[in-house]
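Enquirer: sequence and predicted model, in that order:
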Amino acid sequence: MVNTPSEYAETSGEPLLIGRDDTGLIENDSNVIQPFLRLEPLYAESIGLVDYVLDQQSVQKHLSILKAHDRGSYDHSLKIGQISADIGKEFGLDEKELILLTQGALLHDIGKIDVPSNILEKAYALSSEEKEILMQHPGFGYQRLKDTDGILKYMVLIHHRYKKRSYPDIDSFETDINIERLDKYTQIISVSDILDALLDGRGGSRQYKRRHSLQSLVRTIYDEFTGDRDLITHGLLRISHGDQIIH
């Protein structure tokens, strides 16, 4: 049975830290990124919160379509939901804000439903034309949610706003909200998204994890993410190596 959000608040809130030490993030042989290096939440209730939001019919509807279209994008969305909720909890978001953040994180890539699967599943670098098509997915997601109330549609639209190459052009969409109002949500989603993409080898980062060190990944995320630098630190603390959290 999935706990309600109120029941999450009653848990101890202690992070699930395994094998953390104070030796620093970059260390010796752990520098080499291997397929088993991944993002993992530190708090058990973050996983439960994702399960709670997944039970919402509006979220289920979109994610079931995404899952049928591209399983990789679906799995990535679940991971971003967990990591975003985890960072949001650490940043002191209240229960209502955490639910909204988790909804936005889970739905951030639903626009990929409208991207041809041969592009999403391509195992090597995309062509310029394919990249342009892929970069339309935030707008596609916004269109899918355009008639809904609330700010979720805007979170989906601007989740790539804090990348070095920001897209799409917000001015080309009819929006009636102050984008800065969404910063505390979209920046968390963005840093989680970029880190998972690098570790998982998705999109333009394909083959990254087999060629570069963890130190190189740290440099890349600091270069790629243009938002609050503290969020990068919180994201990096959620990189796990086997059964251990790297710290």
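Expert: Done, it's in.

Enquirer: can you list the buried residues in the helix ranked longest in the chain?
Expert: The residue-count maximum for a helix in the chain (DSSP state H) belongs to helix 71-90. Buried positions in helix 71-90, judged by neighbour count with 16 or more other Cβ atoms under 10 Å: 73-74, 76-90. Where you see a C-beta, it was placed from the backbone N, CA and C, and this is true even at glycine.

Enquirer: which strands and helices lie in contact with it?
Expert: When contacts are defined as 3 or more Cβ pairs under 8 Å, 6 or more residues apart in numbering; DSSP states H and E, helix 71-90 sits against helix 44-54, helix 57-69, helix 95-107, helix 183-200, helix 229-236.

Enquirer: any idea how far D230 lies from P116?
Expert: Per Cβ to Cβ, to the nearest Å, D230 is found 37 Å from P116.

Enquirer: show me the contacts for A105.
Expert: Contacts here follow Cβ atoms under 8 Å, 6 or more residues apart in numbering; on that basis A105 touches 77, 80-81, 83-85, 188-189, 192.

Enquirer: pick out whichever of D230 and P116 has more residues nearby.
Expert: Under the criterion of other Cβ atoms under 10 Å, the comparison of D230 against P116 puts P116 first, with 14 against 11.

Enquirer: so the residue nearest to the more buried one when sequence neighbours are not counted is in which element?
Expert: Counting by Cβ to Cβ, 6 or more residues apart in numbering, I133 is the residue found nearest to P116 once chain neighbours are left out, at 7.2 Å. Element membership of I133, judged by DSSP states H and E, is helix 128-134.

Enquirer: contacts for the next helix or strand after that helix, please.
Expert: Next along the chain after helix 128-134, taking DSSP H and E as the criterion, comes helix 137-145. Here helix 137-145 makes contact (Cβ under 8 Å, 6+ apart) with 62, 107-115, 152-154, 156-160, 167-168, 173.

Enquirer: apply 6 Å and report the result again.
Expert: Outside helix 137-145, the residues within contact range by Cβ atoms under 6 Å, 6 or more residues apart in numbering are 110-112, 114-115, 152-153, 156-157, 160, 168.

Enquirer: tell me the contacts of V50?
Expert: Here V50 is in contact with 81-82 (criterion: Cβ under 6 Å, 6+ apart).

Enquirer: distance of it relative to K89?
Expert: V50 is 12 Å from K89, by Cβ to Cβ.
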